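Novice: coords please:
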Amino acid sequence: MLPRLTLPPKPGTLALIALAFALPGLAGHDLWKTHDAIGLGIVHDMAEAGTPLVPRIAGNPWLFDPPPYHWLALGFGKALQLILEFHSGARLASGALVLAAFFLIYLAARHWAQSGEDRRAHGAAAMLVLLGSIGLMVHAHEALPELAALAALCGALAALPHAARRPLPAGALFGAALGFAALSAAWISPAALLVAVIAAHVACPQWRTRGAVGFIAVSLLVGSVIAASWPLALAWREPEAFSLWRTVAWQPIGDPAANLRYFLVTGSWFAWPAWPLAVWAAWSQRRRWNEPRLFVPAVASVLILLLSAYWGPPQDVHLIPLLAPLALIAYRGALGLRRGAAGALDWFGVLAFGFFGLLLWVCYLAMLTGVPLRFAGNFFRTAPGFTPEFKILHVAFALALAAGWVVLIFYTTRSPMRSVLRWAAGIVLLWGTGAMLLMPWADYQKSYRSVALQLRSKIPVGSGCIAQKALGVSQAAALDYHAGIRARPYDLVRPNACPLLLVQGNPQHEFDGPGAGWVKLADVGRPGDRAERYRLYRLSK
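Specialist: This is a model prediction of the structure:
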């Protein structure tokens, strides 16, 4: 008989859960569109060209994201290139940042707990709510600058509990975290958190102290210096790139109402179960809104949502930084759930994750054995030519995840935080099992390696430049990474400027071809891909 796991879990147990979530799926697969390929494409360009100041994809500037995340990924890629492929090593930077975010949100909740409260329970619940957010499950394993912003925001929130007692050191740490968050991705989330903190110094009596002015002044000074460092270096060394960045970074994209609608609909699943827990916390503790530990994350969450809707673009990755303040208020809702609601969340997660975890095993066994035939046929139809392999270490890891999940289900003591623990364990089970068993099948379909190598083999030696029509940014990054194919935009005024033309088109027709005077050299696509086709043409002499 196994001993029952008491709650809150010990730090070692939390660390094991965090590692089991963060590490699987980082290595062992190629670049996938969209965001993963873009991030790794920038890192690859930095490694090849040796110019880290200006992010580029296949030689073309990409200034939607500042470069600090890519610098970190570049360091990981080069340090681990003897044991891992460069892109797998670089992607481990994302795992390190996700683990840092978990640790810092744990510290933030633990330090903000009041005397008499179980500080360890508060820290564990906040970390589990963040880990259990559905939207983080896949994106935590991609090359995303927003993960650096998430870690930095968690660090900023961890500094705030010390604002009243040690205003100057806390202000310096808070400002540094905001500065790094602004350098990691969009400026929206650190600006929203800064506004929320300034408002809290006015609205919350606990923070109306003599050191309040010093805290805010130091935060603004340190944060501004760090946030302005890269733009100033860019303006000094690359004025043209700085002008382009200023246009790109400070130009709203899309209709604010449509953007807000998108973020609300997407956030309904992306931030589940954090957002309903946060709503419950806001209602159940409505008489305590003048406390900074409630006021700051709540106001910051609302501001991030509204500013993201105004500024755009409508992409789910922009919701990743929102998870930091949302988790810091949502965990209070989890610890204060009534027994019926906690039981409903608990058993919904147990049944849902148990069902889908079992389904993943059925799918894997069907690929290996061909039984049941219907399951196996569906997999091979979407990935024609794929040959599954039995890998003992992957299967052993997936079995260990299943065993750990079963132990948490049947040997966990009753506690207000049991629902979020078992939900987070279900996320770990689902992602880890899929990454171990089905990753080769997914990579076979999603990788552009075969496309790049086939195109490379058809390019005549010494043929000169290549133009491209309708080639996506992530596809350009993957072709450059795998085969060194760099294409310039097609020039309508000088259509014959390059002797080769690469067209990303539709598999069903060739209406987007260049027309007379061009000879087709290649017509390739990913296995089972019904949306994309890559055709290479040569100008006939």
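
Novice: got any ranges where the stretch 51-200 of the chain has weak pLDDT?
Specialist: 116 (pLDDT under 70).

Novice: Go again with 80.
Specialist: Across the stretch 51-200 of the chain, the ranges flagged by pLDDT under 80 are 115-117.

Novice: Spell out the residue ranges of the strands in it.
Specialist: Secondary structure of the stretch 51-200 of the chain (DSSP state E, counting those that start in this stretch): strands at 56-57, 60-61.

Novice: Tell me which of those sits most buried.
Specialist: Ranked by mean neighbour count under mean count of other C-beta atoms under 10 Å, the strands of the stretch 51-200 of the chain are led by strand 56-57, which reaches a mean of 22. Yep, even glycine has a C-beta here, placed from its N, CA and C like the rest.

Novice: so what does it touch, helix or strand wise?
Specialist: Packing contacts for strand 56-57, counted by 3 or more C-beta pairs under 8 Å, 6 or more residues apart in numbering; DSSP states H and E, involve helix 35-49, helix 473-483.

Novice: ok so, going back, can I get the strands of the stretch 51-200 of the chain in a markdown table including distance to residue 360?
Specialist: Putting the strands of the stretch 51-200 of the chain into a markdown table (distance: least, C-beta to C-beta, whole Å) gives the following:
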| stretch | distance to residue 360 |
| --- | --- |
| strand 56-57 | 34 |
| strand 60-61 | 39 |
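
Novice: do you know which of those lies nearest residue 125?
Specialist: Between residue 125 and the strands of the stretch 51-200 of the chain, the shortest gap by C-beta to C-beta is with strand 56-57, which sits at 40.1 Å.

Novice: how near is residue 471 to residue 150?
Specialist: To residue 150, residue 471 is 31 Å away according to C-beta to C-beta, to the nearest Å.

Novice: Pick out whichever of these two has more residues nearby.
Specialist: Neighbours per residue (other C-beta atoms under 10 Å) separate residue 471 from residue 150, with residue 150 holding more: 31 against 20.

Novice: Among the strands of the stretch 51-200 of the chain, single out whichever gets nearest to residue 416.
Specialist: strand 56-57 (47.4 Å).

Novice: contact partners of that closest one?
Specialist: With contact meaning C-beta atoms under 8 Å, 6 or more residues apart in numbering, strand 56-57 is reached by 38, 41, 42, 45, 46, 49, 62, 473, 476, 477, 480.

Novice: ditto for stretch 359-369
Specialist: 371-372, 375-376, 379-380, 388, 390, 398, 402, 430, 433-434, 437-438, 441.

Novice: and with 6 Å instead?
Specialist: 372, 375, 376, 379, 388, 433, 434, 437 (C-beta atoms under 6 Å, 6 or more residues apart in numbering).

Novice: And stretch 526-535, what's buried?
Specialist: The neighbour-count check on stretch 526-535 (16 or more other C-beta atoms under 10 Å) flags 526, 529, 532, 533, 534, 535 as buried.

Novice: Am I right that residue 440 falls within a strand?
Specialist: No - the assignment for residue 440, made by DSSP: H, G, I helix; E, B strand; the rest coil, is helix rather than a strand.

Novice: Could you pull up the contacting residues of it?
Specialist: By C-beta under 6 Å, 6+ apart, residue 440 has no neighbours at all.

Novice: how much space between it and residue 431?
Specialist: For residue 440, the distance to residue 431 - C-beta to C-beta - is 16 Å.

Novice: for residue 121, same thing?
Specialist: With C-beta to C-beta as the criterion, residue 121 and residue 431 are 25 Å apart.

Novice: circling back to that earlier point, compare the contacts of stretch 359-369 and tell me which has the most neighbours.
Specialist: That'd be residue 433 among the contacts of stretch 359-369, by other C-beta under 10 Å, with 26 neighbours.

Novice: Would you check that that one makes contact with residue 397?
Specialist: No - taking contacts as C-beta atoms under 6 Å, residue 433 lies outside contact range of residue 397: 9.0 Å.

Novice: Let me have the helices and strands packed on strand 56-57 in TSV, adding mean pLDDT, distance to residue 117 and mean neighbour count as columns.
Specialist: Shown next, in TSV, are the helices and strands packed on strand 56-57 (pLDDT from 0 to 100; distance: least, C-beta to C-beta, whole Å; neighbours: other C-beta atoms under 10 Å):
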stretch	mean pLDDT	distance to residue 117	mean neighbour count
helix 35-49	96	39	24
helix 473-483	97	46	24
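
Novice: Dump these into CSV; add distance to residue 84 as well.
Specialist: Below are the helices and strands packed on strand 56-57 laid out as CSV (distance: least, C-beta to C-beta, whole Å):
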stretch, distance to residue 84
helix 35-49, 13
helix 473-483, 15
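
Novice: so which of those comes closest to residue 452?
Specialist: helix 473-483 (3.7 Å).

Novice: What is the closest one packed up against?
Specialist: Other elements packing on helix 473-483 under the criterion 3 or more C-beta pairs under 6 Å, 6 or more residues apart in numbering; DSSP states H and E are helix 35-49, helix 449-458.

Novice: Tell me which strands the helix or strand just after it pairs with, and in which orientation.
Specialist: Using DSSP states H and E, the helix or strand that follows helix 473-483 towards the C-terminus is strand 488-489. With DSSP bridges as the test, strand 488-489 is paired with strand 466-469 (parallel).

Novice: For the strand it pairs with, which outside residues touch it?
Specialist: For strand 466-469, contacts defined as C-beta under 6 Å, 6+ apart pick out 487, 488, 490, 498, 500, 501, 502, 503.

Novice: Surely the last one touches residue 535?
Specialist: Yep, that's residue 503 we're talking about. Yes - Residue 503 is within contact range of residue 535, at 4.8 Å (criterion: C-beta under 6 Å).

Novice: most centrally placed residue in this structure?
Specialist: Residue closest to the mean C-alpha point of the chain, counted by C-alpha atoms, centre = their mean, is residue 139 at 3.3 Å.

Novice: about what we covered before: closest one to residue 171 among the helices and strands packed on helix 473-483?
Specialist: helix 35-49 (31.8 Å).

Novice: can you give me how far that closest one is from the chain middle?
Specialist: 16 Å (C-alpha atoms, centre = their mean, to the nearest Å).

Novice: For residue 313, what are phi and psi?
Specialist: Main-chain dihedrals, residue 313, degrees, to the nearest 10: phi -80, psi 170.

Novice: how much space between the nearest residue to it once chain neighbours are set aside and residue 264?
Specialist: Of all residues not flanking residue 313 in the chain, residue 253 sits nearest, at 4.2 Å (C-beta to C-beta, 6 or more residues apart in numbering). The gap separating residue 253 from residue 264 is 17 Å, by C-beta to C-beta.

Novice: Near residue 426, how many other residues are there?
Specialist: 23.

Novice: Would you verify that it is located in a helix?
Specialist: Yes - counting by three-state DSSP, residue 426 is part of a helix.

Novice: and it, what is it in contact with?
Specialist: Residue 426 touches 349, 353, counting by C-beta under 6 Å, 6+ apart.

Novice: Could you do the one 3 residues further on as well?
Specialist: Residue 429 sits next to 353, 357, 401, 405 when contact means C-beta under 6 Å, 6+ apart.

Novice: Between the residues you listed, which sits nearest residue 103?
Specialist: Nearest to residue 103 among the contacts of residue 429 is residue 401, at 21.6 Å by C-beta to C-beta.

Novice: State the helix or strand in which the closest one lies.
Specialist: helix 392-410.
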